[in-house]
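In: Structure for the following, please:
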Amino acid sequence: MKVYIPAIEGFMPSEMVYTLCAFLEFCYIVHHHVIPESALGQIESALVQFHHHCRIFAEGNNPITSTFSLPWQHAAKHYPHLIYLFSAPNGLCSFMTKNKHIKAIKEPWCQSNKYQPLSQMLLINQWLDKIAATCVDFKARNISVYNSGTYPLLSTFICLAQSASMCENTCSKNDRTNDTEVPCTASIIGDNDVSVLENAATDLSIHVRLAQNPYDPHNAFEIPLSECPWFNGSIHVFNSACLRFYAPSNLSGIGKMQMEFIWSMLWWRNEGPQKDCVFVTTNLGDQESSGMQAFDIAYVHAFFLFTDTSGIHYPCAVVHWFNKVDDSPDEDTRMWIIQPSYLHNHTLNFAIIHIDAIYRAAHLIPIYDTSHISQHIKPHNSYDTFCAFYVNKYVDHHAFELAS
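Out: Numbering: from 1, shown residues only. Model prediction:
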């Protein structure tokens with residue numbers, strides 16, 4: 001389903017495309033890490049549109065079915081009310097509550113004498129919580145909890161404490177959230193000796209001038225190249241960059257951090273170049289900008305690193321920009337449409353950006369239209385073959401939040 005909508009757009013009736021878009025919108029919104037009041041309104045709106053457009057499958061000249069009997073789709077209409085009553089952040093399901101029920105109800109009940117067990121179960125849970133908290137405190141103080149000669153009572157209950165804290169520690173790592181978004185940081189790996197920066201001399205000189213004169217009031221792009229400082233140092237070109245970003249709605253690592261690699265190679269697995277597209281933060285400081293309004297899409301041609309005269313390292317990327325076709329997503333697919341950016345002389349709009357401006361990878365899907373597609377088109381030359389692309393927001397839940 002992540003690439004299904006752009007593939008069927010133009011080949012199936014618009015009502016069917018609207019139905020699938022509305023259902024995908026619902027599925028991704030209910031999986032948000034936090035569901036505010038505005039998201040509840042979006043969930044209800046997506047459900048209304050889904051139930052309205054899905055009639056195309058049962059009506060028309062060639063109906064596909066006469067009735068709908070899908071329990072999961074029927075249960076979707078209860079989501080807004082149940083989320084409002086009980087909350088369901090980050091795709092909470094009954095399996096997680098079942099695990100909690102086993103630890104909090106079933107196991108304490110088995111340890112009771114089965115006669116009026118409620119008070120015994122509550123007392124057992126209190127003991128287990130205190131023992132687990134004691135183990136955490138001792139570990140923070142670098143005190144060994146396994147020394148039975150020093151802590152005989154604790155060693156008696158250590159097995160119970162481990163069983164009680166094992167699930168809690170695992171869940172606490174997965175449920176831990178931060179109030180502020182962690183900024184993107186990047187590191188560079190890999191190396192080769194390919195020089196791809198000959199056509200970007202002007203941008204590089206401007207970058208060096210800005211590094212040496214950060215408070216210069218003049219517009220750097222209006223300064224002639226001859227007046228820019230000479231750079232006689234070495235430039236190291238790299239194959240990839242490793243990005244780490246905050247993705248709470250995805251199945252991420254500790255602290256909801258996720259890592260991915262951005263590749264820019266001239267040869268990949270004996271098939272051709274491998275060059276990725278990325279989200280670049282260009283308008284993140286504007287309070288009124290959100291989603292795609294705060295980002296631009298760029299195609300990475302190379303990663304490189306240079307050092308100025310003061311010894312400061314500058315990891316950079318050579319990119320060419322894409323322009324948004326409109327100020328809002330496409331009405332049919334609900335995805336943003338972009339196209340390559342060109343200068344006045346009809347050449348690609350290249351730029352050099354700092355690597356910290358790259359937020360994460362972007363997945364683009366060509367707009368295929370209804371014409372015949374050649375079998376000779378490969379992933380590495382698709383960016384040169386097609387004229388416009390969808391920014392695929394269904395690739396994961398974090399991309400859905402960025403590109404909505």
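In: Verify the assumption that Tyr132 is located in a helix.
Out: For the record, residue 132 is Ala, not Tyr. Yes: the assignment for Ala132 is a helix, going by DSSP: H, G, I helix; E, B strand; the rest coil.
In: And the pLDDT at it?
Out: For Ala132, the model assigns a pLDDT of 86.
In: now that we're looking at it, how far away is Lys256 from it?
Out: Spatial separation of Ala132 from Lys256 under the definition Cβ to Cβ, to the nearest Å is 23 Å. Just so you know, the C-beta spots here come from the backbone N, C-alpha and C atoms, and that holds for glycine as well.
In: Asp396 now?
Out: In terms of Cβ to Cβ, Asp396 sits 13 Å off from Lys256.
In: Common neighbours of the two, please.
Out: Both Asp396 and Lys256 are in contact with 247, 250, where contact means Cβ atoms under 8 Å, 6 or more residues apart in numbering.
In: The two: which is more packed in?
Out: For Asp396 versus Lys256, neighbours defined as other Cβ atoms under 10 Å are more numerous around Lys256 (23 against 19).
In: Next, the contact list for Ser226, please.
Out: Ser226 neighbours (Cβ under 8 Å, 6+ apart): none.
In: Checking it next. Helix, strand or coil?
Out: Looking at Ser226 with three-state DSSP, the answer is helix.
In: pLDDT at it, what is it?
Out: Note on Ser226: pLDDT of 74.
In: which element is Val17 on?
Out: Here Val17, judged by DSSP states H and E, is contained in helix 14-29.
In: Need the contact partners of that helix.
Out: If you take Cβ under 8 Å, 6+ apart as the criterion, helix 14-29 is touched by 1, 4-5, 8-9, 35, 39, 42-43, 46-47, 49-50, 53-57, 73, 76, 79, 332-334, 393-394, 397, 400.
In: So, low pLDDT: which residues of the stretch 1-150 of the chain?
Out: By pLDDT under 70, the weakly predicted segments of the stretch 1-150 of the chain are 1, 60, 66, 68-72, 87-99, 144-150.
In: Could you give the number of residues near Pro340?
Out: For Pro340, the number of neighbouring residues by other Cβ under 10 Å comes to 17.
In: Which strand residues bridge it?
Out: Beta-bridge pairing for Pro340 (DSSP bridges): Phe322.
In: Kindly provide the distance from the closest residue to Ile367 other than its chain neighbours to Ile373.
Out: Of all residues not flanking Ile367 in the chain, Ala388 sits nearest, at 4.7 Å (Cβ to Cβ, 6 or more residues apart in numbering). Applying Cβ to Cβ, the value for Ala388 to Ile373 is 14 Å.
In: for Pro315, same thing?
Out: 37 Å.
In: The two: who's more crowded?
Out: Set Pro315 next to Ile373 and count neighbours by other Cβ under 10 Å: Pro315 wins out with 18 against 12.
In: So what's the gap between the helix or strand harbouring the more buried one and the chain middle?
Out: Applying DSSP H and E as the criterion places Pro315 in strand 313-324. Relative to its chain's centre, strand 313-324 lies at 20 Å (Cα atoms, centre = their mean, to the nearest Å).
In: I'd guessed Ile367 sits against Ile337; true?
Out: Yes: here Ile367 reaches Ile337: they are 7.0 Å apart, a contact under Cβ atoms under 8 Å.
In: Mutual contacts of these two, please.
Out: The overlap between the contact sets of Ile367 and Ile337 (Cβ under 8 Å, 6+ apart) consists of 388-390.
In: Can you flag the buried ones in these?
Out: Buried members of those, scored by 16 or more other Cβ atoms under 10 Å, are 389-390.
In: which one of the shared contacts of Ile367 and Ile337 sits closest to Lys106?
Out: If you rank those by distance to Lys106 using Cβ to Cβ, Tyr390 comes first, at 48.5 Å.
In: The closest one pairs with what?
Out: Using DSSP bridges, the bridge partners assigned to Tyr390 are Ile337, Ile365.
In: Can you tell me how far it is from Trp230?
Out: Going from Tyr390 to Trp230 by Cβ to Cβ gives 44 Å.
In: Which residues belonging to the helix holding Val17 are considered buried?
Out: The neighbour-count check on helix 14-29 (16+ other Cβ under 10 Å) flags 16-29 as buried.
In: Please render those as CSV that adds distance to Tyr359 to the earlier fields.
Out: Shown next, in CSV, are these (distance: Cβ to Cβ, whole Å):
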residue, distance to Tyr359
Met16, 33
Val17, 29
Tyr18, 30
Thr19, 32
Leu20, 28
Cys21, 25
Ala22, 28
Phe23, 28
Leu24, 23
Glu25, 22
Phe26, 26
Cys27, 24
Tyr28, 19
Ile29, 21
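In: Run through the stretch 201-350 of the chain and note the low-pLDDT ranges.
Out: Looking along the stretch 201-350 of the chain with the criterion set at pLDDT under 70, you get 201-221, 251-254, 284-289.
In: same thing but 80
Out: The model of the stretch 201-350 of the chain has pLDDT under 80 over residues 201-233, 248-256, 269, 283-291, 308-310.
In: And the helices in it, which stretches?
Out: Using DSSP state H, counting those that start in this stretch, the helices assigned to the stretch 201-350 of the chain run over residues 201-212.
In: Count the residues that sit near Thr385.
Out: By other Cβ under 10 Å, neighbour count at Thr385 equals 12.
In: pretty sure it is in contact with Ile377, am I right?
Out: Yes: the pair Thr385 / Ile377 is scored as a contact, 5.3 Å apart, by Cβ under 8 Å.
In: Please tell me how far the residue lying farthest from the centre of the chain sits from Asn125.
Out: The C-alpha centroid of the chain is most remote from Tyr115, which lies 51.2 Å away (Cα atoms, centre = their mean). Between Tyr115 and Asn125 the computed distance is 18 Å (Cβ to Cβ).
In: same check, this time on Gln49
Out: 45 Å.
In: what do you get for Leu402?
Out: Between Leu402 and Asn125 the computed distance is 41 Å (Cβ to Cβ).
In: higher neighbour count, those two?
Out: Higher neighbour count among Leu402 and Asn125: Leu402, with 20 against 16, using other Cβ under 10 Å.
In: For that one, give me the pLDDT.
Out: The per-residue pLDDT reported for Leu402 equals 87.
In: for Gly190, same thing?
Out: On the pLDDT scale, Gly190 gets 37.
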